Every structure is written in structure tokens, then in C-alpha cells.
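*Asks:* predicted structure and sequence below. I'll ask about it afterward.
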Amino acid sequence: MQPSRNQANASRYITPEGRTHLSEELSYLWKVKRPQVTQAVAEAAAMGDRSENAEYIYGKKQLRQIDSRMRFLTKRLSELIVVDRPPDDASKVFFGAWVGLEDSGGNLFRYRIVGPDEFDLKRGFISIDSPMAKALLRKTEGDEVVVSRPNGTDVFVVTSVGY
């Protein structure tokens, strides 16, 4: 289960796949995980003294975490905007784009710009709220991009844009 993040200033955009993932997580928590934990808490409560019953105390804590995540997902899903089509000008970088980059050392990178709820660096998904994505927006193939990072400034060239 992912921890809730402060989403006060986060973009509300999400890909259809990202919305499906969040909906599936909410469904799993409601239909599978919560009933399992509720059953375990009931069994632990039946054992007697609850004040020294570690299974009962841990189970109640788990239920609070599950309920908190479900509240977050329900609220977040209601405010998200699903972006399910490419932009009118597919030669420019916008939400949902796969962007190929080359740094000054000749290293190649490929990122997809997604919503803050679905970023995953292992898969190459970066949040539209990240400094990299903000620098890439509206760029086209061949454009130079300067990205401010905590360890300094990096320069990249856009090698490809696709949707």
C-alpha cells in the first residue's frame, strides 16, 4: 500500500491506465484486504484481553491505515481528470508524451510524462509536476532543455516525442 502524499498542489491529470490502477487498488482494499483484516481483528478480539493482545492492536492499526488510504483514493479519484487522447499538436511535449532525451555526455533517456499519482522512475514515468517535466513541456524534437536539479543544472536535447 502506498502512503498518502500531500496532493494539495498536485496536478489533477492522470492517464487512463493510472486511473484504472487507482480504482483497482480501492476495490482490492474494500473487497479483499479490509474483510481479511476485519476477520483477523474479530478472531483476535475473541481471544480475550484486548489491551495486551498484539494481534488485535496491530489489526486495528491496519484497519485505520486501510480506511485512511480508501478515503484518500475515493477523494482523489473524484477530482482526477483522465487525459485519454493525444494533443492536437503531437510534435510537442504535453501530458502523456514519451520523450527521448540525450544529455551532454551522450547518455540516452526515455520518460513518459504522467500524473503525480502514477510516477514510477523504474518504468520511466515522471510526474508532470517534476522539474524535468515542466522543462520539457511544449518542446519539440531537437530542442535543448535546461533542467534545474538539486545538484545543479543539466542540459538535454529532445531526441523524440511520441504518444
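*Replies:* That came through, no problem. Numbering: from 1, shown residues only.

*Asks:* show me how the record splits this protein into domains.
*Replies:* 13-82, 98-162 (automatic domain parsing).

*Asks:* nearest to D89, of those domains?
*Replies:* domain 98-162 (8.8 Å; CB to CB). All C-beta atoms are positioned from the backbone trio N, CA, C, and that covers glycine.

*Asks:* span of that closest one from start to end?
*Replies:* 5 Å (CA to CA, to the nearest Å).

*Asks:* next structured bit after the longest helix anywhere in the chain?
*Replies:* Counting residues, the longest helix found in the chain (DSSP state H) is helix 54-79. Following helix 54-79 in sequence order, the next helix or strand is strand 81-82 (DSSP states H and E).

*Asks:* need the domains of the chain in TSV with mean neighbour count, mean pLDDT and distance to K92, can you?
*Replies:* What follows is the domains of the chain, written out as TSV (neighbours: other CB atoms under 10 Å; pLDDT from 0 to 100; distance: least, CB to CB, whole Å):
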stretch	mean neighbour count	mean pLDDT	distance to K92
domain 13-82	14	95	16
domain 98-162	15	95	5
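
*Asks:* out of those, which comes closest to D88?
*Replies:* Comparing the domains of the chain by CB to CB, domain 98-162 comes nearest, at 12.7 Å.

*Asks:* most distant residue from the middle of the chain?
*Replies:* Here the chain reaches farthest from its C-alpha mean at G48, the gap being 41.5 Å by CA atoms, centre = their mean.

*Asks:* and that residue, how close does it get to V145?
*Replies:* 64 Å (CB to CB, to the nearest Å).

*Asks:* for P131, same thing?
*Replies:* In terms of CB to CB, P131 sits 11 Å off from V145.

*Asks:* and if you look at G105?
*Replies:* From G105 to V145 the distance is 15 Å (CB to CB).

*Asks:* could you pull out the strands in the chain for me?
*Replies:* Applying DSSP state E to the chain gives strands spanning 13-14, 81-82, 98-103, 108-114, 125-127, 144-149, 152-162.

*Asks:* backbone phi and psi for the residue farthest from the centre of the chain, please?
*Replies:* When read as degrees, to the nearest 10, the backbone of G48 gives phi 120, psi -130.
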